[in-house]
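# fold the following for me, if possible:
(one chain, ligands or ions: 1)
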Amino acid sequence: MGDNRRQCRICPVHDENAIYLDYNATTPIDRRVRQCMMPFLSHAFGNPSSGNHSFGRETADAVELARYHVAQLVHASPNEIFFTSCATESINLAVKGLAYSGQAAGKTIVTTAAEHEAVLATCRQLEDRLQVTFLSVTRSGSIDLLGVTYRVPRGRTLLVSLMWANNEIGTIYPIREAAEIAHRSGALFFTDATQAVGKIPVNVRASGVDLMAFSAHKLYGPKGVGALFVRGGRSEIKLQPLLAGGRQEQGLRGGTLNVPGIVGFGEACRIAKMEMSEEASRTSRLRGLLEERLRSLPNVIINGDGQSRLPNTSNLRFLGVDAPTLIREMGNVAVSTGSACSSQSGSPSHVLKAIGMCDSCTCSSIRFSLGRFTTEQEVNVTVQKVATAVPKLRATTRQSGPGPHAKPASVG
Ligand code: PLP
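Next up, the predicted model:
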């Protein structure tokens, strides 16, 4: 994390030597983003809806500039970007907003078993008013497009929902092809692009997506702000607002806007647009080093698709090793056993199960997610810690026999 952390004199630093390899759960705020936000946490406090005075106009201008930068990053128009509080809210707004808009009767939503819990739980909540099909994924975590075609009934499908990239194993999905299948059947296409935006190129026009959710805190922006892309803005796709209230965000999402958060989101997107390609090469190289060295240990396997993967994500299975115990042995290296969300439920990762892994293998798996501030030195230290711990833990297991797997500690 280097410079970014040292330059912050505000937040408590728990351990100067801690190594953060959990960027898919959340990212630290880039110091350039923080600097941009500061005026809006002090003197620039006006309500952007107060257009009749300069305090309000100043923040309204800042929000619109941020909207422009967010739109630019994903090749949208500013009027197609709606600010929310997080990707989870954007997902709920897209899926429920569509289902509640009077078009759902007798229709189906088609999604996959490997989606983030925010999509899965939203779809499950709708099962009393429409049918939901949860498609299985392949062993590499991807989808069989031909199979999807058969499972998307023509004229009866409301929405096809497929994430752009998986948060746990990093698999990148064939979004353009899936959107085409949805459109051929008369359905709309939604994608949860929370892990993709800022890491890989995301183009809403070229891919043909209709609705797309993403979040600032995954790309070095602040927590508490997300966005929903709606193709054509409010006029083309009818979504029922979920919050009754003010007329903010063209009436789709009432509530006073989180101006500092939105300004930070805009700056984070501006930086991502400039630096994403170089950053992807750098993290991919570091990920390559990590995997090459860890896989020189016996029985270490990459979970998911080794090829079509986010450049920063490595989900590794250490056969015969209990992942939560290994994480404890790694001390101050922050990694995760799947998604921050599934960690709290304490059950094995639904994504790893969806790619066909048994409970025991899921409990031997660790997600390493690298980012902007990861250094080669940090990768080396991590490799060293794992390389010391794994043989030791395997020897202990051999002596004492395999005990019941501890519950996985974490995975976002
Ligand atoms: N979708 C994916 C793929 C995610 O990884 C996450 C967070 O981990 C979310 C949705 C939820 O994002 P947020 O925390 O902004 O609600």
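
# what segments of the stretch 201-350 of the chain are strands?
For the stretch 201-350 of the chain, the strands defined by DSSP state E, counting those that start in this stretch occupy 211-215, 226-230, 300-302, 313-318, 333-334.

# just say which of those strands is most tucked in.
strand 211-215 (a mean of 30; mean count of other CB atoms under 10 Å). Where C-beta positions appear, they are placed from N, C-alpha and C, glycine not excepted.

# dump the strands of the stretch 201-350 of the chain into JSON lines; add mean pLDDT and distance to residue 288 as well.
Below are the strands of the stretch 201-350 of the chain laid out as JSON lines (pLDDT from 0 to 100; distance: least, CB to CB, whole Å):
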{"stretch": "strand 211-215", "mean pLDDT": "98", "distance to residue 288": "26"}
{"stretch": "strand 226-230", "mean pLDDT": "98", "distance to residue 288": "31"}
{"stretch": "strand 300-302", "mean pLDDT": "95", "distance to residue 288": "11"}
{"stretch": "strand 313-318", "mean pLDDT": "96", "distance to residue 288": "9"}
{"stretch": "strand 333-334", "mean pLDDT": "96", "distance to residue 288": "18"}
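
# figure out which of the ones you listed is closest to residue 190.
strand 211-215 (4.2 Å; CB to CB).

# pull up the pairing partners for that closest one, direction included.
strand 188-192 (parallel), strand 226-230 (antiparallel) (DSSP bridges).

# Serialize those strands to CSV and add fields for distance to residue 150.
What follows is these, written out as CSV (distance: least, CB to CB, whole Å):
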stretch, distance to residue 150
strand 188-192, 17
strand 226-230, 28
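
# let me have these in TSV, adding distance to the ligand as columns.
Formatted as TSV, the strands paired with strand 211-215 follow (distance: least, CB to the nearest ligand atom, whole Å):
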stretch	distance to the ligand
strand 188-192	5
strand 226-230	5
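
# quick one: buried residues of stretch 286-305?
Residues of stretch 286-305 classed as buried under the neighbour-count rule (16 or more other CB atoms under 10 Å) are 286-287, 290-291, 293-294, 297, 300, 302-305.

# can you tell me if it touches the ligand.
No: figure legend: stretch 286-305 not in contact with the ligand (CB under 6 Å from any ligand atom); closest approach 13.9 Å.

# with only the CA atoms kept, save that stretch in CSV.
Extracted in CSV, the C-alpha atoms of stretch 286-305 (Å, rounded to 0.1, in the frame of the first residue of the first chain):
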residue,chain,number,x,y,z
LEU,A,286,2.7,-9.6,-9.8
ARG,A,287,-0.1,-12.2,-9.8
GLY,A,288,1.9,-14.2,-12.2
LEU,A,289,4.9,-14.1,-9.8
LEU,A,290,2.7,-15.1,-6.9
GLU,A,291,1.1,-18.0,-8.8
GLU,A,292,4.4,-19.3,-10.3
ARG,A,293,6.0,-19.4,-6.9
LEU,A,294,3.1,-20.8,-4.9
ARG,A,295,2.4,-23.4,-7.6
SER,A,296,6.0,-24.7,-7.2
LEU,A,297,4.7,-26.1,-3.9
PRO,A,298,3.1,-29.5,-4.4
ASN,A,299,-0.7,-29.7,-4.9
VAL,A,300,-1.5,-26.0,-5.3
ILE,A,301,-4.2,-25.5,-7.9
ILE,A,302,-5.8,-22.4,-9.5
ASN,A,303,-9.6,-22.4,-9.0
GLY,A,304,-11.6,-21.1,-12.0
ASP,A,305,-10.5,-20.1,-15.5
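
# ok so, going back, nearest to residue 324 among the strands paired with strand 211-215 would be which one?
If we rank the strands paired with strand 211-215 by CB to CB, the stretch that ends up nearest is strand 188-192, at 27.0 Å.

# quick one: mean pLDDT for the closest one?
For strand 188-192, mean pLDDT rounds to 98.

# low-confidence ranges in the stretch 51-200 of the chain?
The model of the stretch 51-200 of the chain has no residue with pLDDT under 70.

# helices of that one, residue ranges please.
Assigned by DSSP state H, counting those that start in this stretch, the helices in the stretch 51-200 of the chain fall at 54-74, 87-98, 117-125, 145-151, 175-184.

# now for residue 250, how many residues are close by?
13 (other CB atoms under 10 Å).

# and what of residue 58?
Residue 58: 18 neighbours (other CB under 10 Å).

# likewise residue 246?
13.

# next one: residue 391
By the measure other CB under 10 Å, the count of residues near residue 391 is 12.

# residues in contact with it?
residue 297 (CB atoms under 8 Å, 6 or more residues apart in numbering).

# gap between whatever helix or strand it lives in and the chain center?
Using DSSP states H and E, residue 391 sits in helix 376-400. The chain centroid and the centroid of helix 376-400 are separated by 28 Å under CA atoms, centre = their mean, to the nearest Å.

# so which bits of that helix are buried?
378-379, 381-383, 385-386, 389-390, 393-394.

# how big is the angle separating it from strand 313-318?
20 degrees (axes from the mean of the first three to the mean of the last three CA atoms, to 10 degrees).

# spit out the contact partners of residue 180.
residue 208.
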